[in-house]
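Asks: model this:
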Amino acid sequence: MVERDGVPGGSDNALARVIAMVNDKGGVGKTSIVANLAGQLAAADYRCLVIDLNRQANLADDLGYRDGDADDRGAGLVLSILTETPVVPVLRVRDGLDVVPGGARLADLVPLMVARMQERGREALDVLADVLAPTADPYDIVFIDCPPESPILTDLALTAARWVVMPTKSDVGGLVGMRLVAERFSLARERNPELRLLGAVLFGTGTRSRRVHAEVRGAVAGAFGGSSPMFATAIRHAERSAQDARRLGKLAHELELEVAAQPAWWASLRDGTATAPRVSPTAAGVAGDYRDLGVELLALLRDAEETVAVPAPRRNVEVV
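Replies: Next comes the predicted model:
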């Protein structure tokens, strides 16, 4: 069992930069934010690891490894938890970015964890922290992409994580999902007392008005007992760019390069390639949103670590 000497990971602090991306509602941007933050931070020379706890494994589409050699559909993660041995990532999905894939095999975790909890109580939920800690040490940041509507898998993530980021939309469903996370969050702190909410992120919003932010901030405060951290950066609604990303298995900043490289539409008409699919120019704006969110995330991590006196991880946060 991982010792917790003030912070997850004990004296070596291996889990000090584990961030769980959580909302009990699906479709609020958890996977998109994980993939794009990890990809952009890796491109900025941070070593990143992503743990996919989602049975739909949409991360495989965002990072382009669906049905390839790297896609074990979650079998490796299930085996690690079953045998309580360190997780083994798929290396170099992007330069500096490794992944522990999810998928349909994660369905086997639910009955396994139910049986273990009947035997050991909530102590059984420490297992993800135990199998992640030996692997996490070389990484600057570890993201856990949590599934919707799966309390046991969410509890595993919250017991292993140091920080929580909650993507949400401004609709009722996203805010209700956030309140359900608040309940799991309080329960998880019984096993993981150092767990903290880093902030909520508005995703897929058509506006950045102060009114929308104030409404979401109020919902976070209501769910978390007055604590209402909110990222200033919101991720804009851009359906076409989202479709391009999953069609091509590329991240927003990679699509931004595609947009810059593709010929103008009138040049495509002239050379007869106008019928070929084009990447939406909105990708550049979305990539900018993720860049801003990444910078803000690093700044919040740095400030939070200084505030709560977390022992220095392997590499100090530098805002890029």
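
Asks: quick one: low-confidence parts of this structure?
Replies: 1-12, 171-177, 206-210, 212-213, 223, 225-228, 261-279, 308-320 (pLDDT under 70).

Asks: that one: helices as residue ranges?
Replies: Along the chain, counting by DSSP state H, helices occupy 30-43, 58-62, 75-83, 109-120, 127-136, 151-160, 172-188, 210-223, 239-248, 252-261, 265-271, 282-307.

Asks: just name the most buried of those.
Replies: Of all those, helix 30-43 has the most neighbours on average by mean count of other Cβ atoms under 10 Å, namely a mean of 26. Using the backbone N, CA and C atoms, a C-beta is placed for each residue, glycine as well.

Asks: Leu197: which of the helices of the chain is closest?
Replies: helix 172-188 (7.0 Å; Cβ to Cβ).

Asks: right, and Glu215 touches Ser170 too?
Replies: Yes - using Cβ atoms under 8 Å, Glu215 is in contact with Ser170, at 6.6 Å.

Asks: of the helices of the chain, which is nearest Phe203?
Replies: Among these, if distance is taken as Cβ to Cβ, the winner is helix 30-43, at 6.7 Å.

Asks: tell me what angle that closest one forms with helix 282-307.
Replies: 80 degrees (axes from the mean of the first three to the mean of the last three Cα atoms, to 10 degrees).

Asks: tell me what the nearest residue in space to Ile33 that is not next to it in sequence is bridged to.
Replies: Distances taken as Cβ to Cβ, 6 or more residues apart in numbering place Pro167 nearest to Ile33, at 5.4 Å, with adjacent residues excluded. Under the criterion DSSP bridges, Pro167 forms beta bridges with Val201.

Asks: quick one: contacts for Pro167?
Replies: Going by Cβ atoms under 8 Å, 6 or more residues apart in numbering, Pro167 touches Met21, Asn23, Val28, Gly29, Lys30, Ile33, Ala200, Val201, Leu202, Phe203.

Asks: the nearest residue to Leu202 once chain neighbours are set aside and Asp45, how far apart?
Replies: Residue nearest to Leu202 in three dimensions, not counting chain neighbours: Ala234, with 3.9 Å by Cβ to Cβ, 6+ apart. Using Cβ to Cβ, to the nearest Å, we find Ala234 at a distance of 26 Å from Asp45.

Asks: who's more crowded, those two?
Replies: Ala234 (23 against 11; other Cβ atoms under 10 Å).

Asks: among the contacts of Pro167, which two are most distant?
Replies: Pairwise over the contacts of Pro167, using Cβ to Cβ, the maximum falls at Met21 and Leu202, 14.1 Å.

Asks: tell me which residues touch Trp163, please.
Replies: Trp163 neighbours (Cβ under 8 Å, 6+ apart): Arg17, Val18, Ile19, Ala20, Leu195, Arg196, Leu197, Leu198, Leu301, Ala304.

Asks: how many residues are close by Gly64?
Replies: By other Cβ under 10 Å, the residues close to Gly64 number 18.

Asks: distance of the closest residue to it other than its chain neighbours from Val216?
Replies: Among residues not flanking Gly64 along the chain, Gly249 sits closest, at 2.3 Å (Cβ to Cβ, 6+ apart). Distance from Gly249 to Val216, counting by Cβ to Cβ: 31 Å.
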